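Make a model of this:
(chains A and B)
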Amino acid sequence: MADDDSRRPDPDTLLALAEKDRRGKLTVFLGAAPGVGKTYAMLSRAGRLKAEGVDVVVGLVETHGRGETAALLDGLEVLPRRQITHRGRGLEEFDLDGALARRPRIVLVDELAHSNPEGSRHPKRYQDIEELIAAGIDVWTALNIQHLESLADLVAQITGVTVRERVPDVVLKKADEILLVDLPPTELIERLKEGKVYLPDSASRAIDRFFRLGNLTALRELALRRTADRVDDQMVDYLKQHAIEGPWATGERLLVCVGPDDLSEKVVRVASRLASGLNAPWIVVSIERADREVGTTEHLHRIEALFRLAEQLGAETRRVVGNDFVEEILKLARREHATQIVIGARRDRGWRRFVSPSLPDALSRKAAGLGVYFVTPDRKERAPVPARLALPAIASFRQSALIAAAFVVATAAAGKLVYLFAELPNISLLFLLAVLGAAVLGGYASAFIAAFLSALAYNFLFIDPLHTFTITAPHEVFALIVFLSVAIIAGGFASRIKEQAEVARVRATALQSLYDFSRKLSTTGKADDANWVAVSHLQASLKRNIVLLLPEKNDLKVAAVWPPDTELDVTDFTAARWTCDKQEKAGFGTGTLPNSRFEFRPLMGPHGLVGVCGIQQGEERLDLNAERALSAILDQTAIALDRARLSEESVMQAAKLEGERYREALLSSISHDLRTPLATIMGAVTSLRQLGERMTAESRDDLLQSIEEEGSRMSRFVSNLLDMTRIESGTLKPKGDWVDVSDVVQSAVERARKYFPGKVIETGIAADLPLIEGDSVLLGQVLFNLLDNAVKYGGGEPVNVYARRDGQDVLISVTDLGRGIPPAEIDRVFEKFYRRGRPDGRAPGTGLGLSIARGFVEAMGGRIHAESPAVKKKGTRIVIRFPAGEKARTGKAT
Amino acid sequence: MTNERILVVDDEPQIQRFLKPALKAAGYDVVEAATGGEALKAVATAAPDLVILDLGLPDMDGKEVITSLRGWTQIPIIILSARERESEKIAALDLGADDYIEKPFGIGELTARIRNALRHRERAEAAPATLVTDGLVIDTVRRLVSRNGEAIRLTPKEYDLLTLLARHAGRVVTHKTLLTSVWGPAHGEDLHYLRVFIGQLRQKIEREPTRPAVVRTEPGVGYRLVVEGD
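As a prediction, this is how the structure comes out:
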């Protein structure tokens, strides 16, 4: 079984292959030096494909005026270049967007190592090419071996020329095809002499040195070796894909330890070459002391730069926090199954060598079973501590000296004073106090200075012979030495405690701030609030302008900015969009659109990207604490935004559910209200037809009458539905005539009396009713609906209708003496399909009467409300108010 | 011979209003009840021969009325129901109602159902051995099914199905009743059995199996064996 498993193709390899299928393919024409004919090879191959009908276009090719190369351009489509002005000079650059829009099958872009001028989307051409490939376009490009990042120091060593335009090794590693364009060095020099190689005049001296036979041979070897490595890689890939057993797994893994010192860069480069030689994965790790802040911001940035370099060279990077460097490195090595450790070894100078073993020594002693590879500095490298870093130490040295002196002088004075009154056998204890005091206030340096000063002062003032630095009694010498060592050790401890307290304080402040933030966030339910809390908190703790953008329907919208007058320009927006699309950092200080003023970071929630945060960066970069606070706050914000989004979604779900319930109620109401009259009509009609001759005349008449009544009931229900539709769609437009309320009330009451024979409806209409502005038909409908309700729920008791003037209003009320409405439901009676009565939804009414009444009244500018109980703990009163017309005059006298 | 008496239970006055004269004209005496409570009382005191029952009543569920009645009487019950309350309708049939009619309905349909239910009540007392419908003869004594004198060979399950439908001739039999009495209580939900066997049965007994005239489908409810004269 196990054998079968190991013979199965590696899924990761197949997956990587599948991803390659969706992307474009990168073909690199690799050469050892300029002039070997890369462009020529590229163009002639393109010409052949073109002839076969393949859609191949020239994105950008430099022919450098060489005739034979230029001739190859004939018959090929050449994309127009982008014209830009940079520092007053007109430049022609590769038009990335043009190529993306043209979408050819294959595009030729020369000079992979080219740097784009400021203001371009990407600072480097290889990034342009990556974008083309990601868009599914095949790219052919050319590269000289000396531009490869991992070979930079080697090339400088061989040729003496430092190459500035460098391409990360991963670019070449990811290339689908590498074509070596080779020319023997002697022939190349021949071509150079014939003037067939284009070289800029300015660089002629450097070039002379460069094009020596030895250099060219060495470069050729590098290029050949790289290509051979590459072929080897492909072979291994092939073996893996086809599950062919072979000795391809070297099983080596490198763990590379780096620090802020300047040897580390070399360590990374060496490790990279070692790893590619061993065909082994490698991990670069930096270790922070848990109990101390990492030195300075400078250190942090160095380590970050190292990590970026390592990632470009194809390494994984890790940060580890721990106390014991050796232990942490070994722990990580075991966890990652590393087989070799690569570390920089510097010879300690001076006394340190004897005090503690250096890290490499300790490592080599404890690393059982692991290979340890030391990288040593070049002889010319300077001391590890640069002068810049020493400066603040000198400044504080003066301070600590002052503190120490003050303590010692005070102690000496006090000692003299005590000496006057009592003979203290061991006055040196007093000085120990001074050393401890200086340690607590001034730190390490202060403690040491105080110890030395105390020794001197003690000797000078208290040891015989007094007022000299000489000591006669041998035991006093011994006592002084003991004092000095005790003072130094105690001072060391005291200052260490102070440092730790300081570190704890800084961390506590940061934690407190983060805690405050998360508490603020947790009280916000809506995404909007969370946005503002996040930007204002970030601005307060970083003192930078902050902008938060959220994706919204394929677009990115600014959700919050702080301070509020912060604005984004086009570049900023493009960078933000990049971050949103690729979920990686962009803008200031990154590889994409670095001329944006903002650095944009993706906010990654548990369910993917939730937003983009932009931090305006200036001259000063963020220090370590700010950086930590920033990432913690961004994490919290991402989670809060994600939560807010989820809760908004659930609210929408609930609303949808509510809507469905409402539609269900509507359907069941309509079907019941239409079916009952329909059933009556159908039953009565069929009865009359089939059994009519056997019925009495009265029965027949009664059936006919029931048909008529049910017909009108249905028509009323249908018109109610139509009215409701009009109200809801907003097409209801009251006429705006002058309406005599008493007329309308009278006619509505008469209609109701006719409709409900045998019901008692009493009216009380004031004589001085003013006119109102409205629509008499609508008002009549409202009153009839209210009367209809009152009769239905009135329980057979009389119904009262009153109309009177109340201040500036005309007030109409309809009161029944039925069961009334429970107080909890009094506000719901105007809702659609609300019905008092039976819970099975079958009530006499349609559930529309009151909501139509409200719709009409409000459309006419009036108000309506319900009161219950109305009279003597019984009944319901519906009250309508209309503002009296301005040209108020009394209605017609009764 | 005195008229048969029908109890109409419905809380909608307008339904009562047309049912009363119509049923009277059709030759029945009519007793009215507007609530479940009144209905139960009326069955005990007025001794009706049949109950027409609306399922939506103000004081109790119509199904409760059926359960109470079935506790002591086998009086035929016809349900009045609305189409959207299908599940209620099936539940009512399973509880022991004899038939149902959907609102709105014509009076002819209702009187046919009434006649059917009343006739069945008599038949249940007399237990006729032979049923003839659409030229199909079902002889339960000799266990013979024939058309035009030619015997039709049925499998035991098909025969059980047919006789069950014949025992309730003219009335709907729900899926659940058919399944549990032919296949057993564990198969109450196995609707696909029923589809297959009804299909086979129709192939054998119907004149035109694609347009069944003997075993009619009541969509979503069950099947009905049509009786001559309806």
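
Show me chain B divided up by domain.
Domain ranges of chain B: B:4-125, B:128-225, per automatic domain parsing.

sorry, that was for chain A
A:11-241, A:254-384, A:391-501, A:525-646, A:734-883.

Any stretches of chain B with poor pLDDT?
Confidence mapping of chain B against pLDDT under 70 gives the ranges B:1, B:83-85, B:122-128, B:228-230.

biggest helix in it by residues?
Identified as the longest helix of chain B according to DSSP state H is helix B:107-126.

Spell out which residues of chain B are next to chain A.
Applying CB under 8 Å from any CB of the partner chain, we find that chain B lies next to chain A at B:12, B:14-15, B:17-19, B:21-22, B:24-26, B:56, B:58, B:82-84, B:103-108, B:110. Backbone N, C-alpha and C define where each C-beta goes, glycine included.

one more time with 10 Å, if that's ok
Within chain B, the positions near chain A by CB under 10 Å from any CB of the partner chain are B:10-27, B:55-59, B:61, B:80, B:82-85, B:102-111.

Mind listing residues that contact the next helix or strand after the longest helix of chain B?
Remark: after helix B:107-126, the chain's next helix or strand is strand B:130-133, criterion DSSP states H and E. With contacts defined as CB atoms under 10 Å, 6 or more residues apart in numbering or on different chains, strand B:130-133 is touched by B:123, B:137-142, B:144-145, B:162-163, B:165-167, B:169-170, B:205, B:213-215, B:225-230.

Pull out the buried residues from those.
Using 16 or more other CB atoms under 10 Å in any protein chain shown as the burial test, the contacts of strand B:130-133 include B:137-138, B:140, B:145, B:162-163, B:165-167, B:169-170, B:205, B:214-215, B:225-227 as buried.

Please flag which of these sit within strands.
With strands defined by DSSP state E, the entries of those inside them are B:Val137, B:Ile138, B:Val145, B:Val215, B:Leu225.

Looking at those residues, which is nearest A:Arg335?
Taking CB to CB as the measure, B:Val215 is the one of those closest to A:Arg335, at 75.3 Å.

Who does the residue nearest to that closest one when sequence neighbours are not counted form a beta bridge with?
Once flanking residues are discounted, B:Val215 sits nearest to B:Tyr223: 5.5 Å by CB to CB, 6 or more residues apart in numbering or on different chains. Note on B:Tyr223: beta-bridge partners by DSSP bridges are B:Val173, B:Thr217.

Next, count neighbours for B:Tyr223.
22 (other CB atoms under 10 Å in any protein chain shown).

In this structure it contacts B:Val182, no?
No: judged on CB atoms under 10 Å, B:Tyr223 makes no contact with B:Val182 at a distance of 11.7 Å.

just checking, A:Phe435 touches A:Phe483?
Careful, residue A:435 is Val and not Phe. Yes: in this structure, A:Val435 is within contact of A:Phe483 by CB under 10 Å, at 9.1 Å.

Comparing the two, which residue is more hemmed in?
The residue with more neighbours, out of A:Val435 and A:Phe483, is A:Val435; 32 against 21, by other CB under 10 Å.

Give me the next element, helix or strand, following the helix or strand encompassing that one.
According to DSSP H and E, A:Val435 maps onto helix A:428-462. Note on helix A:428-462: by DSSP H and E, the next helix or strand toward the C-terminus is helix A:474-522.

Can you report how many residues lie near B:Lys20?
19.

Tell me the spacing between it and B:Thr130.
38 Å (CB to CB, to the nearest Å).

Likewise for A:Leu76?
Taking CB to CB, one finds A:Leu76 at 97 Å from B:Thr130.

what about the spatially closest residue to A:Glu92 that is not a sequence neighbour, neighbour count?
Nearest residue to A:Glu92, sequence neighbours excluded (CB to CB, 6+ apart): A:Arg81, at 4.2 Å. Using other CB under 10 Å, A:Arg81 has 14 neighbouring residues.

residue in the stretch 301-450 of chain A nearest to chain B?
Nearest residue of the stretch 301-450 of chain A to chain B: A:Arg335, at 56.6 Å (CB to the nearest CB).

Let me see the contact set for that residue.
A:Leu255.

need the strands for chain B, in chain order.
According to DSSP E, the strands that chain B contains are B:4-9, B:28-33, B:50-54, B:77-81, B:99-102, B:130-133, B:136-139, B:144-147, B:150-151, B:172-174, B:215-218, B:222-225.

ignore the last one, the stretch 501-650 of chain A
In the stretch 501-650 of chain A, the segments counted as strands under DSSP state E, counting those that start in this stretch are A:546-552, A:555-562, A:586-587, A:598-605, A:608-616.

Get me the contact residues on the stretch 251-400 of chain A for chain B.
Close to chain B, as judged by CB under 10 Å from any CB, the stretch 251-400 of chain A has no residues.

before we move on, the earlier item: out of the strands of chain B, flag the one nearest A:Leu179.
Of all those, strand B:215-218 comes closest under CB to CB, at 75.6 Å.

so how far is A:Arg230 from the closest residue to A:Ile158 other than its chain neighbours?
Among residues not flanking A:Ile158 along the chain, A:Ala218 sits closest, at 4.7 Å (CB to CB, 6+ apart). Going from A:Ala218 to A:Arg230 by CB to CB gives 19 Å.

For the residue nearest to A:Glu92, give me phi and psi.
phi -90, psi 160 (degrees, to the nearest 10).

Just the C-alphas of stretch A:863-871, formatted as PDB.
Only the C-alpha atoms of stretch A:863-871 are listed here, as PDB (Å, rounded to 0.1, in the frame of the first residue of the first chain):
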ATOM      1  CA  ARG A 863     -54.100  62.100  10.700                       C
ATOM      2  CA  ILE A 864     -55.800  59.000  12.000                       C
ATOM      3  CA  HIS A 865     -55.500  57.100  15.300                       C
ATOM      4  CA  ALA A 866     -57.300  54.500  17.400                       C
ATOM      5  CA  GLU A 867     -58.400  54.700  21.000                       C
ATOM      6  CA  SER A 868     -59.500  51.800  23.100                       C
ATOM      7  CA  PRO A 869     -61.400  51.400  25.400                       C
ATOM      8  CA  ALA A 870     -63.600  54.300  24.200                       C
ATOM      9  CA  VAL A 871     -66.500  54.500  26.500                       C
END
